[in-house]
Every structure is written in structure tokens, then in C-alpha cells.
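**Q** Take a look and give me a structure for this.
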Amino acid sequence: MFKEDCESDLWEAYQGLKDEIYTLKKDRRYLEALNLAAELREPIDAFFDGVEVMTRESKALRNNRVAILQRLSELFLSLADFSKFSI
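**A** Prediction:
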């Protein structure tokens with residue numbers, strides 16, 4: 001259930017990279033996995049620029065957007081606990 005192009009673009013980018021990222025992680029090729037995950041930056045930025053995640057327009061739409069973010073969170077947290085990084 002996508003309303004905006006940026007939603008489907010992000011989902012397609014995630015679907016296109018997730019298996020390879022998980023394979024690289026399994027093979028302990030963490031830097032390569034992180035570099036590949038970084039390719040999601042542009043569609044993630046476009047998603048946040050293009051939609052209101054917690055929209056009141058539709059509960060189903062809101063839940064779908066949150067679900068996309070949950071999948072992305074699972075992917076990134078499987079690679080590293082980014083809350084431990086300091087700049």
C-alpha cells in the first residue's frame with residue numbers, strides 16, 4: 001500500500017539490497033555490508049522528505065509506512081548498534 005513514489009522507491013531499494021547485505025554480514029564482510037546499506041540513504045532521505053509517516057489520513061497508510069521503517073531498522077541494527085557511534 002503505497003501512495004507516493006518515494007514509498008515504493010524505498011521499498012524496492014530495500015528489497016533489492018537486503019539479501020545481499022544479510023549474505024555479506026553472514027560472511028563477516030561487514031564493511032562491504034555497511035557500504036551497500038549506505039546506498040539506501042538517498043531513498044530514505046526522499047521518503048522522509050516526501051511523506052508524513054504518522055499521517056492521520058489513513059491508519060493503514062500510517063501502519064504501512066511504520067512497517068517499512070521497522071524493516072529498515074532491523075536491517076541496520078543487524079549490522080551495528082548505531083546508537084553507540086559518536087561523531
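**Q** Surely residue 2 and residue 60 touch.
**A** No: counting by C-beta atoms under 8 Å, residue 2 sits too far from residue 60 to count as a contact (11.3 Å). All C-beta atoms are positioned from the backbone trio N, CA, C, and that covers glycine.
**Q** Please say which of these two ends up with more neighbours.
**A** Higher neighbour count among residue 2 and residue 60: residue 2, with 16 against 9, using other C-beta atoms under 10 Å.
**Q** confidence score at the most centrally placed residue in the chain?
**A** By C-alpha atoms, centre = their mean, the mean C-alpha position of the chain lies nearest to residue 72, the distance being 3.2 Å. Residue 72 is assigned a predicted lDDT (pLDDT) of 97.
**Q** cool, and the one 5 residues further on?
**A** You'll see residue 77 listed with a pLDDT of 92.
**Q** again, but for residue 80
**A** 85.
**Q** burial of it, as a residue count?
**A** 14.
**Q** can you tell me how far the residue lying closest to it once chain neighbours are set aside sits from residue 17?
**A** With C-beta to C-beta, 6 or more residues apart in numbering as the criterion, residue 80 has its nearest non-adjacent residue at 7.3 Å, and that residue is residue 34. Residue 34 sits 12 Å away from residue 17, taking C-beta to C-beta, to the nearest Å as the criterion.
**Q** which element is the nearest residue to residue 3 once chain neighbours are set aside on?
**A** In space, and not counting its chain neighbours, residue 3 is closest to residue 61: 6.0 Å by C-beta to C-beta, 6+ apart. Per DSSP states H and E: residue 61 is located in helix 59-79.
**Q** which other helices and strands contact that helix?
**A** Helix 59-79 sits against helix 5-26, helix 30-37, with contacts defined as 3 or more C-beta pairs under 8 Å, 6 or more residues apart in numbering; DSSP states H and E.
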